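> Quick one, fold the following:
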Amino acid sequence: QVQLVESGGGLVQAGGSLRLSCAASGLTFRNYAMGWFRQGAGKEREFVGLISGWGPTTYFADFVKGRFTISRDRDNAKDTVYLQMNSLEPEDTAVYYCAASPTQTMQAASYHFWGQGTQVTVSS
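Below is the predicted model of the structure:
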């Protein structure tokens, strides 16, 4: 059974940083690109960024503007992908989801597995 479990969300002031983690189990980690998506209140889910299965190729949405990075590693025997977010803005407030896809794509429909999401709130 595939599980993706996000953590690391919380409340931060504008200009601050957060690192989100997504621990994956039940899948051959390197066979999947790992994507991050977000959904703000009343908004559609949108692509944030992805990292390729073998790394280190990453790709980000335009609104990231160099503020975020994605990496993947093994952490405490769990395959984990990280989203490091710097220079956060109130507009970044959303529930952030990690997801796994067999292809490198921005299309949410192509992601087979999803985490439950973690809330990020940026105060002004």
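
> ok, the closest residue to residue 45 other than its chain neighbours - contacts?
Of all residues beyond its chain neighbours, the one nearest residue 45 is residue 39 (4.3 Å), with distances taken as CB to CB, 6 or more residues apart in numbering. Quick note: C-beta positions are derived from backbone N, CA and C, even for glycine. Contact analysis of residue 39 by CB atoms under 8 Å, 6 or more residues apart in numbering lists 45, 46, 94, 95, 97, 117.

> Give me the buried subset of these.
By neighbour count, with 16 or more other CB atoms under 10 Å, these hold 45, 94, 95, 97, 117 as buried.

> hmm, who's touching whatever helix or strand the third one lives in?
So the one you mean is residue 95. Residue 95 belongs to strand 94-101 when assigned by DSSP states H and E. Identification of contacts with strand 94-101 by CB under 8 Å, 6+ apart yields 2, 4, 6, 9, 20, 22, 24, 27, 32-41, 43, 45, 48, 50, 81, 83, 108, 110-120.

> which of those count as buried?
Members of those classed as buried by 16+ other CB under 10 Å are 4, 6, 9, 20, 22, 24, 27, 32-38, 45, 48, 50, 81, 83, 108, 111, 113-115, 117-118, 120.

> Which pLDDT value belongs to the residue nearest to the spatial centre of the chain?
Most central in the chain under CA atoms, centre = their mean is residue 36, positioned 2.9 Å from the mean C-alpha point. Per-residue confidence (pLDDT) for residue 36: 98.

> Can we start the residue count at 36 from this point?
From this message on, residue numbering opens at 36, which makes the last subject residue 71.
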